[in-house]
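# Okay, here's the prediction I keep looking at, along with the sequence it came from:
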Amino acid sequence: MSTIPTATISRLVTYLRILTSLENQGIKNTSSEQLAEEAQVSAFQVRKDLAYFGRFGTRGAGYTVPTLRRELRRILGLNRPWNVAIIGMGRLGQAISDYPHFEQYDFSLKACFDNNAKVIGQTMSGHQVYGMDALPQVVKEKGIDIGFLTVPQAAAQAAADALVAAGIKGILNFAPVVINVPREVHVEPVDFLAGLKRVSFYIINPGLKEELA
Ligand code: NAD
């Protein structure tokens, strides 16, 4: 398979959310036009995004909601459970661990880590906090696949290195710094302050917004 634009993967996540909502409403069929309207893209864009992965639906008849939803879940790797861990149990790490709906999305919080002796051994949101030295063993024992990185900027690279050494293949990085990892590991930056800067740009430049593709 050739490479696929990151924006396409982001839109697949949006289409899946829309399909889940349609399915919950008992709606059986949809079209690229309906998905496009709800995702605020063009119908051409929807068809192009899906075409990277094969042929879905029938010309003229559109898509069967449960089938397309099942296919998108398979494409996104959501047809299996994922075990996640949080590294850095400060303000953000604790807020994430308090989020009660992980399971609903097939992501299961299995462990929390920190390097502060005052926090290690405590129970937070029902999870024991382990020290970083326990990371390799706990990752292996609990089958952890994905790490939330919620440590300060200066600690992010070393913490990411520890995750990679333990065999983690995916990192959601909340620290405002670029971290280097081997090619087979995917890092997804999550930076709401960067989002705020884009909002500020578009508030002062309303005419520079991209038209629907
Ligand atoms: P915090 O200081 O409250 O918590 C950081 C935690 O990481 C602490 O518990 C600390 O003991 C732990 N830690 C430090 N070094 C570590 C290491 N080497 N290994 C393991 N644990 C370590 O910070 P916060 O406000 O929760 O923010 C965490 C990260 O998220 C920062 O990089 C911050 O810039 C980013 N961020 C925070 C927010 C927010 O709203 N709090 C928003 C956006 C981004």
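Now that the structure is in, tell me what you want to look at. Numbers count the residues shown, from 1 in each chain.

# the helices in the chain, which residues?
6-24, 32-39, 43-51, 65-75, 91-98, 135-142, 153-165, 192-204 (DSSP state H).

# Ok, which of those comes nearest Asp114?
Nearest of those to Asp114, taken as CB to CB: helix 91-98 at 7.5 Å. Any C-beta I mention is one placed from the backbone N, CA and C, and that applies to glycine too.

# Can you list the buried residues in stretch 63-75?
Of all the residues in stretch 63-75, those buried under the rule 16 or more other CB atoms under 10 Å are 63-65, 68-69, 71-73, 75.

# Stretch 6-23 now?
Buried residues in stretch 6-23 (16+ other CB under 10 Å): 11-12, 14-16, 18-19, 22-23.

# Could I have the CA atoms of that stretch written out in PDB?
Coordinates of each C-alpha in stretch 6-23 appear next as PDB, following Å, rounded to 0.1, in the frame of the first residue of the first chain:
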ATOM      1  CA  THR A   6      -2.600  12.100   7.500                       C
ATOM      2  CA  ALA A   7      -5.600  14.300   6.800                       C
ATOM      3  CA  THR A   8      -7.300  11.200   5.200                       C
ATOM      4  CA  ILE A   9      -6.800   9.200   8.400                       C
ATOM      5  CA  SER A  10      -8.200  12.100  10.400                       C
ATOM      6  CA  ARG A  11     -11.300  12.200   8.200                       C
ATOM      7  CA  LEU A  12     -11.800   8.400   8.400                       C
ATOM      8  CA  VAL A  13     -12.100   8.900  12.200                       C
ATOM      9  CA  THR A  14     -14.700  11.600  11.600                       C
ATOM     10  CA  TYR A  15     -16.600   9.400   9.100                       C
ATOM     11  CA  LEU A  16     -16.600   6.600  11.700                       C
ATOM     12  CA  ARG A  17     -18.000   8.900  14.300                       C
ATOM     13  CA  ILE A  18     -20.800  10.000  11.900                       C
ATOM     14  CA  LEU A  19     -21.600   6.400  11.000                       C
ATOM     15  CA  THR A  20     -21.800   5.400  14.600                       C
ATOM     16  CA  SER A  21     -24.200   8.200  15.200                       C
ATOM     17  CA  LEU A  22     -26.300   7.100  12.200                       C
ATOM     18  CA  GLU A  23     -26.300   3.500  13.400                       C
END
